[in-house]
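**Student:** Please work out how this folds:
(2 chains)
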There are 2 protein chains.
Amino acid sequence: MKKLINAPDKVVDEALAGMAAAHPGLIKVHFERNYITRAEGPSKGKVAIVSGGGSGHEPMHGGFVGRGMLHAACPGAMFTSPTPDQMLEATKAVNGGAGVLHIVKNYTGDVLNFEMAADLAKDEKIKVNAVITDDDVAVQDSLYTAGRRGVGGTVLAEKICGAAAEAGADLETVTQLCRDVNASVRSMGIALSACTVPHAGKPSFTLAEDEIEFGIGIHGEPGRKRIKHAHADELTEMLMEPILHDLPFKKGDHALLFVNGMGGTPLIELYVIFRKAAEIAAKHGVTISRSLVGSYITSLEMAGASISLLRLNDATTKYWDAPVVTPALRWGA
Amino acid sequence: MKKLINAPDKVVDEALAGMAAAHPGLIKVHFERNYITRAEGPSKGKVAIVSGGGSGHEPMHGGFVGRGMLHAACPGAMFTSPTPDQMLEATKAVNGGAGVLHIVKNYTGDVLNFEMAADLAKDEKIKVNAVITDDDVAVQDSLYTAGRRGVGGTVLAEKICGAAAEAGADLETVTQLCRDVNASVRSMGIALSACTVPHAGKPSFTLAEDEIEFGIGIHGEPGRKRIKHAHADELTEMLMEPILHDLPFKKGDHALLFVNGMGGTPLIELYVIFRKAAEIAAKHGVTISRSLVGSYITSLEMAGASISLLRLNDATTKYWDAPVVTPALRWGA
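**Tutor:** Below you'll find the predicted structure:
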């Protein structure tokens, strides 16, 4: 196992220390309880958004903490859910008095622990809502989920809801917006190679030189099927068709196209995919009016990519464009 | 060779088409002459900055075209210098009447071709200056260079000089600033794995499971030596010590620390390195007052990282902080 780490049980803490050192003006890492908040603390009178999940998917979620996006993120151990205790402490730390929204990717551990944290927070008189994201069209149930998995759409939901909270929307409005975004986004991914979780020391699966995993999850869990490796255009079509038909996207829709790298994929390949995905969208009468290209929800060094397509309306477009100042997403301010 | 591409000879063009589709508000791709400019064209009365180099290092340089950074970028074929013709056309297209600065990484092909382009541009009465970056402390001469290679410091020079040009500095001032930045930055990198150039179809070198290449160039060309793989902290120290001693950085210096991924390295590992590099800087009395962490100058899917350290002064700090709006670097506007 060749990695730029010191020891498997130190990676997460040392990376958090690196984030704290790199972005002191943006974020604060609370090492004793293991969560990240905005440097400036809670926003008085505004809804706060908390997310979290296993580490190994960076920059998600810690890289999305900052003005216009998350108030806090709870990193678990590698590919492991954070604990209710972490989530509760983060929720209490960022509560500005207007309630807290938990955005939770649909993985059983995350869902259960966030539920428990919400119950504990309510005992302390904090209003908490939760929205579970489940945008992955690849599989109905999976190794780690009942129902669909929450993947790339989560990044978009966190950005858009973060902007609404920043603008002063109340808890019910931000919660409904998050449900709407989740209902309007569809995603699917492929892996060309597995990743190696440091504690495991070996790849989570093996693929032959001419094989890819189609419909992969973000932990290397199986997708729909193994297929022969093919040209980028063909693979992009295989991803886009189920995405377009599942919602379904309709002629005249405006959409945000997010082409995401899984961690080990060069940016030049993501742009090759973006080109074809935009072409396919156009052929279906869907206008790509916003875009995101890069590695934002990853599986360590896995080679592969995912596509997320979000149907936009005036409100979500406005909130997408709104200023955001986080370590990983930053514009407009 | 498992890549998300259609054919080796189409990757660069298709990725450019993807960039054009993803960022229509920021950049314009001129396919006939193969260069990228800002969407809005030249800045009247301001110095324009043009860079370029082989493809395969994305987001460098095309991802740095936009307000506050480059006016144009010329992508060559994969790991191959762009042509004087491309550079000349780009120079003419973005000349706003106040002259053009070419920022050129020190690779022999790039240097010769940019020289020729500058001569041709001068024939057309365009004032052109050039600054060659050579911040890599790893090797004195290399496979593709006389003298040191230009690496991560180039990204910082392009950002800082782009801000100065945006602020209205004249050609001599921007040129001198670029020389100053290059004189104040030192870099070095390591590779854990090679990358595969699509045309070649196989990795450019092979490393044993316990070996790394120390002092790697951005094309997989050899570094200082092959060494046994070691803990991240040890490797970070081996990179930081020559960087600190070469300039030399001194007690009381303020610096920008840039930890760069080579394309196949997960972000979590870059933060592990950042943490240790910042610690080492502190031990030498160097304050890290600005940071950049991510994969900005890459070698396709190579696993590895590089560190660049730039001594800052008031002017370079101000220009680093100034607004930038490009596909890959964006803040403050």
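**Student:** Spell out the residue ranges of the helices in chain A.
**Tutor:** Listed in chain order, the helices of chain A (DSSP state H) span residues A:11-22, A:84-94, A:108-123, A:153-166, A:171-183, A:232-246, A:267-283, A:314-321.
**Student:** Tell me which of those lies nearest to residue B:253.
**Tutor:** helix A:11-22 (16.6 Å; Cβ to Cβ). Where you see a C-beta, it was placed from the backbone N, CA and C, and this is true even at glycine.
**Student:** so that closest one versus helix B:232-246, what angle?
**Tutor:** Here the directions of helix A:11-22 and helix B:232-246 differ by 30 degrees (axes from the mean of the first three to the mean of the last three Cα atoms, to 10 degrees).
**Student:** Just the CA atoms of helix A:11-22, as PDB, please.
**Tutor:** Extracted in PDB, the C-alpha atoms of helix A:11-22 (Å, rounded to 0.1, in the frame of the first residue of the first chain):
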ATOM      1  CA  VAL A  11      -4.800   9.900   8.600                       C
ATOM      2  CA  VAL A  12      -8.100  11.500   9.500                       C
ATOM      3  CA  ASP A  13      -6.700  13.500  12.500                       C
ATOM      4  CA  GLU A  14      -3.600  14.600  10.700                       C
ATOM      5  CA  ALA A  15      -5.600  15.700   7.600                       C
ATOM      6  CA  LEU A  16      -7.900  17.700   9.900                       C
ATOM      7  CA  ALA A  17      -4.800  19.300  11.400                       C
ATOM      8  CA  GLY A  18      -3.700  20.200   7.900                       C
ATOM      9  CA  MET A  19      -7.100  21.700   7.100                       C
ATOM     10  CA  ALA A  20      -7.000  23.800  10.200                       C
ATOM     11  CA  ALA A  21      -3.500  25.000   9.300                       C
ATOM     12  CA  ALA A  22      -4.400  25.700   5.700                       C
END
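**Student:** Packing partners of it?
**Tutor:** Secondary structure elements in contact with helix A:11-22, counted by 3 or more Cβ pairs under 8 Å, 6 or more residues apart in numbering or on different chains; DSSP states H and E, are strand A:27-30, strand A:48-55, strand A:72-78, helix B:267-283, strand B:287-294.
**Student:** Show me chain A divided up by domain.
**Tutor:** Taking automatic domain parsing as the domain assignment, the record places the domains of chain A at A:11-184, A:185-312.
**Student:** In TSV, list these along with mean pLDDT.
**Tutor:** Conversion of the domains of chain A to TSV gives the following (pLDDT from 0 to 100):
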stretch	mean pLDDT
domain A:11-184	97
domain A:185-312	96
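**Student:** which residues does the closest residue to chain B within the stretch 51-200 of chain A contact?
**Tutor:** When Cβ to the nearest Cβ is the measure, the stretch 51-200 of chain A has its nearest residue to chain B at residue A:58, with 4.1 Å between them. When contacts are counted by Cβ atoms under 8 Å, 6 or more residues apart in numbering or on different chains, residue A:58 touches A:15, A:298, B:266, B:267, B:268, B:271.
**Student:** The first one: neighbour count?
**Tutor:** By other Cβ atoms under 10 Å in any protein chain shown, the residues close to residue A:15 number 27.
**Student:** Please apply the same query to the fourth one.
**Tutor:** Here the number of neighbours of residue B:267 (other Cβ under 10 Å) works out to 28.
**Student:** Same check on the second one?
**Tutor:** Counted with other Cβ under 10 Å, residues neighbouring residue A:298 total 26.
**Student:** isn't it right up against residue A:57?
**Tutor:** Yes - the pair residue A:298 / residue A:57 is scored as a contact, 5.4 Å apart, by Cβ atoms under 8 Å.
**Student:** any shared contact partners between the two?
**Tutor:** Common neighbours of residue A:298 and residue A:57 (criterion: Cβ under 8 Å, 6+ apart): residue A:218.
**Student:** could you measure the residue nearest to residue A:162 when sequence neighbours are not counted against residue A:331, distance?
**Tutor:** Across the structure, with Cβ to Cβ, 6 or more residues apart in numbering or on different chains as the measure, the residue nearest residue A:162 apart from its sequence neighbours is residue A:69 (3.7 Å). Counting by Cβ to Cβ, to the nearest Å, the gap between residue A:69 and residue A:331 amounts to 11 Å.
**Student:** So between the two, which is more surrounded?
**Tutor:** Using other Cβ under 10 Å as the criterion, residue A:69 and residue A:331 rank with residue A:69 on top: 30 against 16.
**Student:** Can you pull the phi/psi pair for the more buried one?
**Tutor:** Its backbone dihedrals place residue A:69 at phi -140, psi -120, with angles given as degrees, to the nearest 10.
**Student:** Return the residues of the stretch 151-300 of chain A in contact with chain B.
**Tutor:** The stretch 151-300 of chain A has residues A:192-193, A:209-210, A:212, A:229, A:231-233, A:235, A:257, A:259, A:263-276, A:278, A:288, A:291, A:293, A:295, A:298, A:300 near chain B, with proximity defined as Cβ under 8 Å from any Cβ of the partner chain.
**Student:** Which among these count as buried?
**Tutor:** Listed as buried from these are A:192-193, A:212, A:229, A:231-233, A:235, A:257, A:259, A:263-276, A:278, A:288, A:291, A:293, A:295, A:298, A:300; burial here means 16 or more other Cβ atoms under 10 Å in any protein chain shown.
**Student:** Pull up the residues of the stretch 1-150 of chain A that are close to chain B.
**Tutor:** Proximity of the stretch 1-150 of chain A to chain B (Cβ under 8 Å from any Cβ) is limited to residues A:2-7, A:11-12, A:14-19, A:21-23, A:55-56, A:58-59, A:63.
**Student:** For the residues you listed, which ChimeraX command selects only the ones that are buried?
**Tutor:** One line in ChimeraX is enough to select the buried members of the residues of the stretch 1-150 of chain A next to chain B, burial here meaning 16+ other Cβ under 10 Å:
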select /A:2,3,4,5,6,11,12,14,15,16,17,18,19,21,22,23,55,56,58,59,63
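**Student:** What is the burial count for the nearest residue to residue A:97 once chain neighbours are set aside?
**Tutor:** Across the structure, with Cβ to Cβ, 6+ apart as the measure, the residue nearest residue A:97 apart from its sequence neighbours is residue A:45 (5.8 Å). Burial of residue A:45 is recorded as 9 neighbouring residues (other Cβ under 10 Å).
**Student:** Distance check, residue A:45 against residue A:26.
**Tutor:** As for residue A:45, its distance to residue A:26 is 21 Å (criterion: Cβ to Cβ).
**Student:** May I see the buried residues of stretch A:193-205?
**Tutor:** A:193, A:194, A:195, A:196, A:197, A:198, A:203, A:204.
**Student:** pretty sure the fifth one contacts residue A:300?
**Tutor:** The one in question is residue A:197. Yes - here residue A:197 lies in contact with residue A:300, judged by Cβ under 8 Å, at a distance of 7.2 Å.
**Student:** Find the residues that touch each one of the two.
**Tutor:** Going by Cβ under 8 Å, 6+ apart, residues that sit against residue A:197 and also against residue A:300 are residue A:56.
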